[in-house]
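S.K.: Dropping the sequence and predicted coords here.
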Amino acid sequence: MGRLDGKVAIITGGGSGMGAACTELFVKEGAKVVTTGRRIEKMQSVVAEFDPEGKYADSILVMRQDVSKEEDWLEVAAETEKRFGKIDILVNNAGVLDSVPLQNITYENWKSVMDINGWGQLLGYKTIVPYMQKIGGGNIVVVSSMAAVNSGGGLTAYCASKGASDALSRAASVHLAPLGIRTNCILPGTIETPMLRDAFPDEESWNAMCETQLLKRVGTPMEIAYLALYLASDESGFTNGVSVIVDGGVHNSPATVVADK
């Protein structure tokens, strides 16, 4: 405990999955956390579940945010500084999925995914970096996807957007390092999130999907959160510009590459 004592973090996409896990873990490790998303009630439910007695009430601020809107970023940043005095950490986690096959993609499909997964992350850098400069540095953790480097059927726009997220992190690491700001990227594989459960709603299909994994199970959001914790903490002080694959080893299997159709 206490690995983030004295730190202030903004975590986007905090209403479920990996964003919710990061919110819980970061708070329990001593950080003040602003968790954001498009649905306040979902984030409030997350907080109530891991903190039913309000032990961390003074350490958590829940805010509505559409990461594709610059005005939302400006409001979140200003309120974070007002409430907690500074910003040390940004977890750029919010993302959306699009499963339209390549030949059916419209500009609207493409733009809706890129606005959140690409532009939304760039806005995070643009907005939060000046706040980190005020305190002489900070850490940005990007949650991208294995889709950045490994295709999936019908996920063309999503793969492209996650590739942009991954590449943006590497480019930012070079630009921001002289400012004392590190940025690193996580590439999760198949993680148990509400989105994944919706895709495999019954036990038979879920078990069949798990059998395709080398470890015969999917990852948990908290397993991603612990890596995010390390990258956001001072423990990883010489780690910068890396993209870490967390998929149980599936990327080593050629059978995982599925043609878009």
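M.R.: Noted; the coordinates are in hand.

S.K.: looking only at pLDDT, what's the mean for stretch 206-219?
M.R.: Averaging pLDDT along stretch 206-219 yields 87.

S.K.: just stretch 247-258 next, same as before
M.R.: Here the average pLDDT along stretch 247-258 is 68.

S.K.: the strands in the stretch 151-261 of the chain, which residues?
M.R.: Shown for the stretch 151-261 of the chain, the strands assigned by DSSP state E, counting those that start in this stretch span residues 181-188, 243-246.

S.K.: so which of those is the most packed in?
M.R.: Of all the strands of the stretch 151-261 of the chain, strand 181-188 has the most neighbours on average by mean count of other Cβ atoms under 10 Å, namely a mean of 24. Every C-beta, even on glycine, is put in place using the N, C-alpha and C of the backbone.

S.K.: Identify the residues contacting the helix or strand of the chain with the lowest mean pLDDT?
M.R.: The weakest-scoring helix or strand in the chain, judged by mean pLDDT, DSSP states H and E, is helix 194-199 (a mean of 76). Applying Cβ atoms under 8 Å, 6 or more residues apart in numbering, the contact partners of helix 194-199 are 16-17, 97, 190, 206, 218.

S.K.: Tabulate those (JSON lines), appending distance to Val242.
M.R.: Listed next are the contacts of helix 194-199 as JSON lines, based on distance: Cβ to Cβ, whole Å:
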{"residue": "Ser16", "distance to Val242": "26"}
{"residue": "Gly17", "distance to Val242": "22"}
{"residue": "Leu97", "distance to Val242": "25"}
{"residue": "Thr190", "distance to Val242": "21"}
{"residue": "Trp206", "distance to Val242": "32"}
{"residue": "Val218", "distance to Val242": "23"}
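
S.K.: Let me have those in JSON lines, adding neighbour count as columns.
M.R.: Shown next, in JSON lines, are the contacts of helix 194-199 (neighbours: other Cβ atoms under 10 Å):
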{"residue": "Ser16", "neighbour count": "18"}
{"residue": "Gly17", "neighbour count": "24"}
{"residue": "Leu97", "neighbour count": "18"}
{"residue": "Thr190", "neighbour count": "19"}
{"residue": "Trp206", "neighbour count": "16"}
{"residue": "Val218", "neighbour count": "23"}
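
S.K.: can you give me the helices in the stretch 101-250 of the chain?
M.R.: Assigned by DSSP state H, counting those that start in this stretch, the stretch 101-250 of the chain shows helices spanning 107-114, 120-134, 156-176, 194-199, 203-211, 221-232.

S.K.: Name the stretch from those that approaches Arg64 most closely.
M.R.: Closest of the helices of the stretch 101-250 of the chain to Arg64 is helix 120-134, at 14.3 Å (criterion: Cβ to Cβ).
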